[in-house]
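**Student:** Below are the sequence and a predicted model for it; my questions follow.
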Amino acid sequence: MCVHSAEQYALWYTGSALSNVFSRSLCIVQEQLLEEQKSILGQLYVERRALAEERAQFNLNQKLKMEQEQRENLKVMKVCR
């Protein structure tokens, strides 16, 4: 049979209690980090979507501009003949 002194038991109990507090604190911090990651990923999704829409609009405007320039060039060529 193993006999422990009251001091040894108190040290063990204190260490065990601190370990439990640390474990709970670690879980809370992990949950907070996960929530922060979710928030950041959500913001990135919104920003990427907005950027994709902006790029699509830019490409459309470039295409329309090029088509307009081609029509104007054709008009100029017809007038010069």
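**Tutor:** Alright, I've got the coordinates.

**Student:** only C-alpha atoms for contact and neighbour calcs from this point on.
**Tutor:** Fine.

**Student:** mind listing the helices for the protein?
**Tutor:** 6-80 (DSSP state H).

**Student:** Give me the most central residue, it.
**Tutor:** For the chain, residue 41 is the residue whose C-alpha lies nearest the centre (CA atoms, centre = their mean; 2.4 Å).

**Student:** quick one, what contacts it?
**Tutor:** By CA atoms under 8 Å, 6 or more residues apart in numbering, the contact list for residue 41 is empty.

**Student:** 10 Å - rerun?
**Tutor:** Counting by CA atoms under 10 Å, 6 or more residues apart in numbering, residue 41 touches 35, 47.

**Student:** next one: residue 78
**Tutor:** Contacts of residue 78 by CA under 10 Å, 6+ apart are residue 72.

**Student:** For residue 15, give its distance to residue 8.
**Tutor:** The gap separating residue 15 from residue 8 is 10 Å, by CA to CA, to the nearest Å.

**Student:** do the same with residue 63
**Tutor:** Residue 63 sits 80 Å away from residue 8, going by CA to CA.

**Student:** same deal with residue 69?
**Tutor:** Plainly put, residue 69 is 89 Å away from residue 8 if you go by CA to CA.

**Student:** How about residue 67?
**Tutor:** Remark: distance between residue 67 and residue 8 (CA to CA) = 87 Å.

**Student:** next one: residue 35
**Tutor:** Counting by CA to CA, the gap from residue 35 to residue 8 is 40 Å.

**Student:** And for residue 74?
**Tutor:** Residue 74 is 97 Å from residue 8, where distance means CA to CA.

**Student:** ditto for residue 68
**Tutor:** Taking CA to CA, one finds residue 68 at 88 Å from residue 8.

**Student:** Same question for residue 47.
**Tutor:** In this view, residue 47 and residue 8 are 58 Å apart by CA to CA.

**Student:** I'm done for today, thanks for sticking with me.
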